[in-house]
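Novice: Sequence below, structure please.
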Amino acid sequence: MSPAANLRNSNIARLANGEFDALIIGGGINGAVSAAALATQGARVALVDRGDFAGFTSSQSSNLAWGGIKYLESYEIALVRDLCMSRNELLRSYPSSVKEIRFLTTISKGFRHPPWQIFLGSWLYWLMGNGFTRVPRLLSLAQVSRQEPVVQTAGMAGCVEYSDAYLYDNDARFVFKFVRSALDRGAAAANYLESLGSERADGMWCTTVRDVTTQRSFTVRSRVLINAAGAFVDEHNLLSGQRTEHHHVYSKGIHLLVDRITSESRVLAFFADDGRLFFAIPMGAKTCLGTTDTRVGDPHTVVTDADRDFVLDNINSRLRLARPLTRSDIIAERCGVRPLAVNSNTVDSDDSLQLSRRHAIDVNADDRHLSVFGGKLTDCINVGEEICEHVQQLGVRLPHSGYRWYGEPEGSVRDEYFHRAQLMGLDAMTAPHCSEPLSTRLWRRYGMRALALLERIRQDSTQAEVMIEHTEYIRAEIEHTARDEMVVTLDDFLRRRSKIALVMHQDEIRSAKGLMQACEMLFGDDAQARFDDYFTQESTRRQP
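Specialist: Coordinates of the predicted model:
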């Protein structure tokens with residue numbers, strides 16, 4: 001049995017045999033922060049997801065932690081203020097993972113707002129964020145041509161530069177930090193456990209779950225049930241007999257990954273031909289293009305040729321490229337839905353841009369049931385705090401209520417880590433093609449657990465060698481992932497625990513030296529089967 005299977009199986013045994021204060025359905029950002037917050041504050045917590053953690057919407061974002069400047073146009077002042085404060089808290093609490101970045105927004109002639117209006121809006125946005133980031137600037141077209149020559153200034157009226165934040169790694173990796181935090185604090189959690197529905201019996205919730213990998217079913221008992229199933233909240237509420245004030249509608253967004261289009265570390269923001277905001281976001285040696293915002297009726301979506309052409313046509317018309325980007329330049333794709341919370345007593349707009357991005361938590365106090373609707377990654381800390389408040393109001397005692405449950409380790413731990421790394425010359429072991437020193441990357445990704453990686457490398461320097469060709473992932477990381485990160489499929493590792501599948505073409509991944517050895521470390525005797533399953537699924541996932 002592989003190390004990953006050991007960790008998952010031990011948690012499944014705890015789920016089947018335990019009784020919990022709260023069972024959380026869904027391991028996306030809302031479920032992950034709920035588990036981390038409750039477990040840290042002393043609750044007995046269970047967490048299940050029918051796929052991988054962050055396996056749906058939470059791994060399909062723009063990797064931005066932003067205050068939502070575009071929501072000023074719809075006068076959602078309170079939402080923007082809340083999101084700016086949440087963004088600031090993420091920047092303070094996760095300085096290694098969440099970074100400030102400049103946005104350069106280009107305004108075309110004839111756009112619905114002139115540049116001076118956009119500039120005033122950016123100053124309002126900055127003030128609403130308490131001036132936490134660098135001040136906005138109004139740039140002339142000549143300044144843009146000098147500072148960002150790739151931007152096409154012909155037909156443009158002006159440019160505004162302001163600051164927001166982004167995730168240095170990727171969204172799914174950020175979500176997993178909270179899952180790992182919950183596990184470290186006593187929660188029982190497992191992926192690929194599908195909830196088949198819940199019912200009340202003797203004052204407890206009895207939830208039947210099925211292990212997707214074995215088809216074995218068992219019951220999890222909990223005092224409170226938290227439905228954080230993301231796009232599938234409504235579906236699970238039907239299974240559990242819950243009526244709620246809110247429901248979800250869906251907006252589809254896509255992202256295309258291409259080779260880096262500029263050497264500058266800015267987000268280039270434009271308004272598409274239909275007036276919607278879209279971005280070119282730096283991601284290491286690549287650029288992420290998107291997103292669309294299309295109302296759809298089903299959470300299961302795919303990238304179509306029309307989607308690809310929309311993004312490529314808009315970006316080509318707004319950049320000075322040596323040659324236009326075509327479909328053949330696409331390295332990887334992402335496609336997901338944003339579940340938007342809508343009050344069931346109101347008529348929602350057909351235009352998803354007119355719908356609020358604010359989250360909602362519906363509480364059924366009689367049944368001790370919570371449903372989490374909508375939300376954004378930026379707002380995750382608020383969701384965790386609110387869940388704790390609601391759970392306490394439902395009668396669950398949190399003995400460590402108020403204990404800080406989020407953020408990077410204390411300064412003394414960080415100082416000790418970097419001191420040890422310096423003493424052993426860790427950064428000198430960084431591979432030449434890597435984008436940052438090894439000590440920095442290990443700390444950002446693993447926090448306190450990076451100390452154990454240092455010890456492995458100190459004992460055996462080959463543990464610091466890059467294991468998979470064309471990536472930055474070292475042998476010690478693969479061993480750590482196999483042991484501590486509950487990887488069930490190769491996609492879990494390539495797409496969510498790492499960002500390899502986000503920045504490398506599938507053909508390059510398949511032929512990378514060391515990938516099969518990594519599979520053997522992750523999956524043991526099932527390595528070849530997991531390898532074959534992944535590339536078979538990938539070959540059928542993308543449409544021609």
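Novice: the residue most distant from the middle of this protein, which is it?
Specialist: Largest separation from the mean C-alpha position in the chain: Asp202, at 37.6 Å (Cα atoms, centre = their mean).
Novice: Can you read off the pLDDT for it?
Specialist: With respect to pLDDT, Asp202 scores 92.
Novice: One more: Met1?
Specialist: 65.
Novice: Ok, Pro409 next?
Specialist: 91.
Novice: For Ala154, see how far away the closest residue to Arg112 other than its chain neighbours is.
Specialist: In this structure, Arg112 finds its nearest non-sequential neighbour in Gly275, 6.9 Å apart by Cβ to Cβ, 6 or more residues apart in numbering. Where C-beta positions appear, they are placed from N, C-alpha and C, glycine not excepted. Distance, Gly275 to Ala154, by Cβ to Cβ, to the nearest Å: 20 Å.
Novice: what's the answer for Thr292, then?
Specialist: 25 Å.
Novice: Between those two, tell me which one has more neighbours.
Specialist: It is Thr292, of Thr292 and Ala154, that has more neighbours when counted by other Cβ atoms under 10 Å, with 20 against 7.
Novice: Lys99 - that's part of a strand, no?
Specialist: Yes: counting by DSSP: H, G, I helix; E, B strand; the rest coil, Lys99 is found in a strand.
Novice: what's the closest non-adjacent residue to it?
Specialist: Per Cβ to Cβ, 6+ apart, closest to Lys99 is Tyr168, 5.5 Å.
Novice: Cys288 too?
Specialist: Using Cβ to Cβ, 6+ apart, the closest residue to Cys288 is Ile281 (4.3 Å).
Novice: That neighbour reaches Arg102, doesn't it?
Specialist: No: Ile281 lies out of contact with Arg102 (Cβ atoms under 8 Å); the separation is 11.7 Å.
Novice: Between the two, which is the more surrounded one?
Specialist: Regarding Ile281 and Arg102, a neighbour count based on other Cβ under 10 Å identifies Ile281 as having more, with 23 against 17.
Novice: can you pull the contacts of that one?
Specialist: By Cβ atoms under 8 Å, 6 or more residues apart in numbering, the contact set of Ile281 is Ser62, Asn63, Leu64, Tyr166, Val267, Thr287, Cys288, Leu289.
Novice: do the same with Asn11
Specialist: Leu183, Ala188, Ala189, Ala190, Met486.
Novice: so where does the first one fall, helix or strand?
Specialist: Element membership for Leu183 (DSSP states H and E) is helix 171-184.
Novice: which element follows that helix toward the C-terminus?
Specialist: Per DSSP H and E, the helix or strand that comes after helix 171-184 is strand 188-190.
Novice: got the contact list for the very next helix or strand once past that next one?
Specialist: As assigned by DSSP H and E, the chain's next helix or strand after strand 188-190 is strand 193-201. By Cβ under 8 Å, 6+ apart, the residues outside strand 193-201 that reach it are 12, 15, 23, 25, 48-50, 205-212, 217, 225, 229, 236, 239-241, 367.
Novice: from those, which would you call buried?
Specialist: 12, 15, 23, 25, 48-50, 205-207, 209-211, 225, 229, 236, 239-240, 367 (16 or more other Cβ atoms under 10 Å).
Novice: Out of those, list just those in helices.
Specialist: Ile12, Leu15, His236, Leu239 (DSSP state H).
Novice: hang on, isn't the second one packed against Arg216?
Specialist: So the one you mean is Leu15. No: using Cβ under 8 Å, Leu15 is not in contact with Arg216, being 11.7 Å away.
Novice: Identify the residue nearest the geometric centre of this structure.
Specialist: Asp171 (2.3 Å).
Novice: what's the pLDDT at that residue?
Specialist: On the pLDDT scale, Asp171 gets 95.
Novice: how much space is there between it and Leu442?
Specialist: From Asp171 to Leu442 the distance is 20 Å (Cβ to Cβ).
Novice: Kindly report the same for Ile25.
Specialist: Taking Cβ to Cβ, one finds Ile25 at 33 Å from Leu442.
Novice: Then Ala46?
Specialist: Ala46 is 30 Å from Leu442, by Cβ to Cβ.
Novice: Asp367 too?
Specialist: Asp367 is 45 Å from Leu442, by Cβ to Cβ.
Novice: cool, and Ala188?
Specialist: Counting by Cβ to Cβ, the gap from Ala188 to Leu442 is 27 Å.
Novice: what's the answer for Val45, then?
Specialist: 28 Å.
Novice: Can you verify Ala78 is assigned to a strand?
Specialist: No: going by three-state DSSP, the assignment for Ala78 is helix, not a strand.
Novice: And stretch 383-403, end to end?
Specialist: End-to-end distance for stretch 383-403: 15 Å, by Cα to Cα, to the nearest Å.
Novice: Contacts for that stretch next, please.
Specialist: Outside stretch 383-403, the residues that reach it (Cβ under 8 Å, 6+ apart) are 21-22, 29-30, 33-34, 36-38, 40-43, 223-224, 226, 359, 361, 363, 365, 368, 370, 372, 375, 405-406.
Novice: State the number of residues packed around the residue nearest to Arg134 when sequence neighbours are not counted.
Specialist: Closest residue to Arg134 apart from its sequence neighbours, by Cβ to Cβ, 6+ apart: Ser163 at 4.8 Å. Here the number of neighbours of Ser163 (other Cβ under 10 Å) works out to 22.
Novice: Let me know the angle separating the host helix or strand of Ser163 from helix 171-184.
Specialist: Ser163 is part of strand 156-167, with elements assigned from DSSP H and E. Calculated by axes from the mean of the first three to the mean of the last three Cα atoms, to 10 degrees, strand 156-167 forms an angle of 20 degrees with helix 171-184.
Novice: Average pLDDT for strand 156-167, rounded please.
Specialist: 94.
Novice: Appreciated, that's everything.
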